[in-house]
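**Student:** here are the coordinates; sequence isn't available:
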């Protein structure tokens, strides 16, 4: 699986919707078609892209194909995002301190709101 294939697979909103569905539990193609409101051929094309990117696995269950998420690529994405989360957290902490520092003091003449 290449990083480009992974990002390209997740770039499409229909494929992200399929990934969200599969996060809940493995599903047969028919359920995915129904939940996404896409045609069966269109859903199959999206599932093929997700499968080729390594995001989903498929198993045969009698006449049905059941798709499930493969957690490994998601874990790789999560690991890649770690330094960015730290950056966002620092930025949000800085913003919070600035907002706290510039917040007006409570007006002693106004009564505090009641819960």
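**Tutor:** That came through, no problem. Just so you know, these numbers come straight off a predicted model, no measurement behind them.
**Student:** going forward, measure contacts between C-alpha atoms and count neighbours the same way
**Tutor:** Noted.
**Student:** Looks to me like residue 68 is in a strand.
**Tutor:** Yes: counting by DSSP: H, G, I helix; E, B strand; the rest coil, one finds residue 68 located in a strand.
**Student:** The residue nearest to it when sequence neighbours are not counted: how many residues sit nearby?
**Tutor:** Spatial nearest neighbour of residue 68, excluding adjacent residues (Cα to Cα, 6 or more residues apart in numbering): residue 26 at 4.3 Å. Residue 26 is flanked by 18 other residues according to other Cα atoms under 10 Å.
**Student:** Ramachandran angles for residue 26?
**Tutor:** For residue 26, the backbone dihedrals are phi -60, psi 150 (criterion: degrees, to the nearest 10).
**Student:** Surely it touches residue 67?
**Tutor:** Yes: using Cα atoms under 8 Å, residue 26 is in contact with residue 67, at 5.4 Å.
**Student:** picking that back up, which pLDDT value belongs to the residue nearest to residue 68?
**Tutor:** pLDDT, residue 26: 97.
**Student:** How about residue 32?
**Tutor:** For residue 32, pLDDT reads 97.
**Student:** excluding its backbone neighbours, what's nearest it?
**Tutor:** Counting by Cα to Cα, 6+ apart, residue 32 lies nearest to residue 18, which is 6.9 Å off, once chain neighbours are set aside.
**Student:** The host helix or strand of that neighbour: what's the following helix or strand?
**Tutor:** Using DSSP states H and E, residue 18 sits within helix 13-24. Later in the chain than helix 13-24, the nearest helix or strand by DSSP H and E is strand 27-28.
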